[in-house]
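Asker: What would the 3D arrangement of this be:
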Amino acid sequence: MPSPIEDYALLGDRDTAALVARNGSIDWLCLPRFDSPACFAALLGSAEHGRWKIAPIGEVSRIRRRYRDGTLILETDFETDSGAVTVIDCMAARGVASDVVRLVVGRRGAVAMRMHLAIRFDYGLIVPWVQRTEEGLTAIAGPDLLVLRCPVTLRGKNFTTRADFVVSAGEQVPFVLSWSPSNLPAPEAIDAAATITRVERSWRDWASRCRYQGRWADAVHRSLLTLRALTCGPTGGIVAAPTTSLPERPGGRRNWDYRFCWLRDATFTLQALIVSGFTEEAQAWRDWLLRAIAGKPAHVQILYGLSGERQFVEWQVPWLPGYQGAAPVRIGNAASSQRQLDVYGEIMDGLYEAVRAGLASSEAAWNLQIALVDHLETIWDRPDDGIWEVRGGQRHFTHSKVMSWVAFDRAVRMAEENRLKAPVARWRRVRQQIHDDVCAKGFDPARGTFVQSYGSKELDASLLLLPLVGFLPPEDPRVRGTVEAIERELVIDGLVRRYHTERGVDGLPPGEGAFLACSFWLADNLVLLGRRNDAHELFERLLDLRNDVGLLAEEYDPRLKRQLGNFPQAFSHVALVNTAHNLTRAEGPAQQRAGAVTAAAD
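Answerer: Numbers count the residues shown, from 1 in each chain. Purely as a prediction, here's the structure:
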């Protein structure tokens, strides 16, 4: 059975990622890219569906692990009665090849170790053709070639590879697993220790550029390193998570593939990168965004592939039982075909924030934005599927309408502040029309709160974004009433749920954990409302939910005290970074964005 979600650490080379459990087992690895079929899929099945474990034989008295400061190099210490060893793990990319490096270092005494390797391509289905070599072995199946190089004696058993060896104090035993296309020669051997040194230098050089030096520097730096690991180096696209089908409820069916790039993350991600000093990465993300949405405005999607791919047929993997029995396992994401009006607001807001931060714009980019807003003018008053991608029918979601307002507001601001040619007067009228519509139909005066959708009595945590995007000032009594209603009805054990899933409002089985990004949004709202002590308390509570190496999933179950959902989740770490800045700086991202209120919001 796979480990608890919070027991995993992340390895990455900015093309793909691996998850390593506390027990030394790599249970998830997709090569050569985040969205490729996995060759280790024990996370969603069993050890026989693919894993690579290196750990002591017999009882382990203590396990400690950590990342080297400023890096994604993982060190796991194992202590036994006979001695102590450290397994150092990292990933490295070189050309078309990708390497997973594992170096076993003897610290004390002599420790008997075992390696267990089960390579299974196509999400645990395909057993490759394995051949011994002088250096280790090769495994081939279709387009994929894996080469294992190590100095220990290997033996085969039940379509797996095993090795027993002893590591004494001062000794180092290297293991290098390299992927390349099977039609090319095997990648050349690399030195494990030298590769770790090179990778360490690269990560630290990048991390040294971070501008945040406040109270929560360790948490912010780790979150930014995680975001970098989830960024596809060649394209600049940032995946929501490197995994698929980790459930939002133990044993549940809310299991989705998150190995894609969501447009709704655009503005928050740009803010987190820019305010932390990473303008080059923000530029790459903005450029990816422009490439992805290029084409007819009517064809804009909510999510794209790493290179801007658009077609994602969602299918189920019948041979994998799912994480701890949570089925089905899904590949692809049918939400890519949904209509979500909020993405237009996220696009326009993201591009506006990029220009405000000094990123270069272009006439072509502005012409594309004009086309997007012109198209939105014809569809903003239609129902959609909403930010949470519900599968229970389209509605007039309040958040979607607010983000439509954001699209026109940022278009007006962009044109006026940069003296760009545009039909500003018409945009102003539409902006006011949308604002009036939301205030009239999305607000429940009897309860004193905005609601999830027009005519509904349900609350929704996405309403916390109203002041954060500048739709209304935080001191507006309608905003205060909404925040207080969410605190009363959607908060459990101090954490925020997205909405009441148990009421069947989304067409899916009920039940999920508290949504971590929404909990950070509540902290941001508390800052804007002047409740800084409450915001600090909530933020510290959220930091305590990180695992031992500082990572967060999508959700958290306060009752079971377990992380839930795909892991690690970019949105959670983006929200952490922004909230830390909001609590540290007089003018953090929330204050800056809330200050964007225009006359149309009066």
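Asker: now stretch 522-535: how far from the chain's centre is it?
Answerer: 25 Å (Cα atoms, centre = their mean, to the nearest Å).
Asker: Now do it, average pLDDT.
Answerer: For stretch 522-535, the mean per-residue pLDDT is 96.
Asker: same deal with stretch 578-595?
Answerer: Mean predicted lDDT for stretch 578-595 stands at 78.
Asker: Who does Ala84 form a beta bridge with?
Answerer: Glu79, Arg108 (DSSP bridges).
Asker: Next, count neighbours for it.
Answerer: The local packing of Ala84 (other Cβ atoms under 10 Å) involves 20 other residues. C-beta here means a position set from N, CA and C on the backbone, and glycine is covered the same way.
Asker: does it really touch Val105, like I thought?
Answerer: No: contact criterion Cβ atoms under 8 Å: Ala84 and Val105 do not qualify, at 9.6 Å.
Asker: pLDDT score for Ala354?
Answerer: Looking at Ala354, its pLDDT reads 89.
Asker: Which secondary structure state is assigned to it?
Answerer: The three-state label given to Ala354 by DSSP: H, G, I helix; E, B strand; the rest coil is helix.
Asker: Do you have the helices of the stretch 201-350 of the chain handy? List them.
Answerer: For the stretch 201-350 of the chain, applying DSSP state H, counting those that start in this stretch gives helices covering 217-229, 266-275, 279-293, 342-356.
Asker: buried set for the first one?
Answerer: Neighbour-count burial for helix 217-229, with 16 or more other Cβ atoms under 10 Å as criterion, is recorded at Ala219, Val220, His221, Arg222, Ser223, Leu224, Leu225, Thr226, Leu227, Arg228, Ala229.
Asker: residues in contact with the first one?
Answerer: Put plainly, it is Ala219. With contact set as Cβ atoms under 8 Å, 6 or more residues apart in numbering, Ala219 has these partners: Leu543, Arg546, Gly550, Leu576, Ala580.
Asker: Who wins on neighbours among those residues?
Answerer: Leu576 (28 neighbours).
Asker: now the helix or strand where that one lies, how far from the centre of its chain.
Answerer: Assigning secondary structure by DSSP states H and E places Leu576 in helix 570-584. Its chain's C-alpha centre and that of helix 570-584 lie 13 Å apart, by Cα atoms, centre = their mean.
Asker: Only C-alpha atoms, please: export that helix in PDB.
Answerer: Written as PDB, here are the backbone C-alpha positions of helix 570-584 (Å, rounded to 0.1, in the frame of the first residue of the first chain):
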ATOM      1  CA  ALA A 570       1.200  24.600  -7.100                       C
ATOM      2  CA  PHE A 571      -1.900  26.700  -6.200                       C
ATOM      3  CA  SER A 572      -1.400  26.000  -2.500                       C
ATOM      4  CA  HIS A 573       2.200  27.100  -2.600                       C
ATOM      5  CA  VAL A 574       1.400  30.100  -4.800                       C
ATOM      6  CA  ALA A 575      -1.200  31.200  -2.200                       C
ATOM      7  CA  LEU A 576       1.300  30.600   0.700                       C
ATOM      8  CA  VAL A 577       3.900  32.900  -1.000                       C
ATOM      9  CA  ASN A 578       1.300  35.700  -1.600                       C
ATOM     10  CA  THR A 579      -0.100  35.500   1.900                       C
ATOM     11  CA  ALA A 580       3.400  35.700   3.400                       C
ATOM     12  CA  HIS A 581       4.000  38.900   1.400                       C
ATOM     13  CA  ASN A 582       0.700  40.300   2.400                       C
ATOM     14  CA  LEU A 583       1.500  39.800   6.100                       C
ATOM     15  CA  THR A 584       5.100  41.000   5.700                       C
END
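Asker: how about it: buried residues?
Answerer: Judged by neighbour count using 16+ other Cβ under 10 Å, the buried positions of helix 570-584 are 570-583.
Asker: Quick one: list the elements packing against it.
Answerer: Counting contacts by 3 or more Cβ pairs under 8 Å, 6 or more residues apart in numbering; DSSP states H and E, helix 570-584 packs against helix 217-229, helix 266-275, helix 516-528, helix 532-544, helix 589-594.
Asker: buried sites along stretch 236-253?
Answerer: For stretch 236-253, the neighbour count (16+ other Cβ under 10 Å) marks 236-249, 252-253 as buried.
Asker: wait, stretch 349-359
Answerer: Asp349, Gly350, Leu351, Tyr352, Glu353, Ala354, Val355, Arg356, Ala357, Leu359.
Asker: now stretch 442-458
Answerer: For stretch 442-458, by 16+ other Cβ under 10 Å, it's Gly442, Phe443, Asp444, Thr449, Phe450, Val451, Gln452, Ser453, Tyr454, Ser456.
Asker: For the last one, grab phi and psi.
Answerer: The main-chain torsion angles of Ser456 are listed as degrees, to the nearest 10 and equal phi -90, psi 160.
Asker: got it, and the fifth one?
Answerer: Geometry field for Phe450 lists phi and psi as phi -70, psi 160, criterion degrees, to the nearest 10.
Asker: got the contact list for it?
Answerer: Phe450 sits in contact with Thr398, Val438, Gly442, Phe443, Asp444, Leu463, Leu466, Arg478, Thr482, where contact means Cβ under 8 Å, 6+ apart.
Asker: Redo those residues as JSON lines? Include secondary structure and distance to Leu31.
Answerer: Converted to JSON lines, those look like this (DSSP: H, G, I helix; E, B strand; the rest coil; distance: Cβ to Cβ, whole Å):
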{"residue": "Thr398", "secondary structure": "helix", "distance to Leu31": "42"}
{"residue": "Val438", "secondary structure": "helix", "distance to Leu31": "46"}
{"residue": "Gly442", "secondary structure": "coil", "distance to Leu31": "46"}
{"residue": "Phe443", "secondary structure": "strand", "distance to Leu31": "50"}
{"residue": "Asp444", "secondary structure": "strand", "distance to Leu31": "51"}
{"residue": "Leu463", "secondary structure": "helix", "distance to Leu31": "41"}
{"residue": "Leu466", "secondary structure": "helix", "distance to Leu31": "42"}
{"residue": "Arg478", "secondary structure": "helix", "distance to Leu31": "50"}
{"residue": "Thr482", "secondary structure": "helix", "distance to Leu31": "46"}
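Asker: per-residue confidence for the nearest residue to Asp437 once chain neighbours are set aside?
Answerer: Leaving out its chain neighbours, the residue that sits closest to Asp437 by Cβ to Cβ, 6 or more residues apart in numbering is Lys401, at 6.4 Å. Here the pLDDT value assigned to Lys401 is 98.
Asker: just Arg339 next, same as before
Answerer: 81.
Asker: Kindly report the same for Gly214.
Answerer: 90.
Asker: what do you get for the one 3 residues further on?
Answerer: Each residue has a pLDDT score; the one for Ala217 is 97.
Asker: What of the one 3 residues further on?
Answerer: In the prediction, the pLDDT value recorded for Val220 is 98.
Asker: Go through the buried residues of stretch 236-253 and name the one nearest Ala189.
Answerer: Set against Ala189, the nearest of the buried residues of stretch 236-253 by Cβ to Cβ is Pro242 (26.8 Å).
Asker: Where does the prediction get shaky in the protein?
Answerer: Scanning the chain for pLDDT under 70 picks out 391, 502-511, 586-587, 591-602.
Asker: Let's see that with 50 instead.
Answerer: Where the chain drops to pLDDT under 50, the residues are 598-602.
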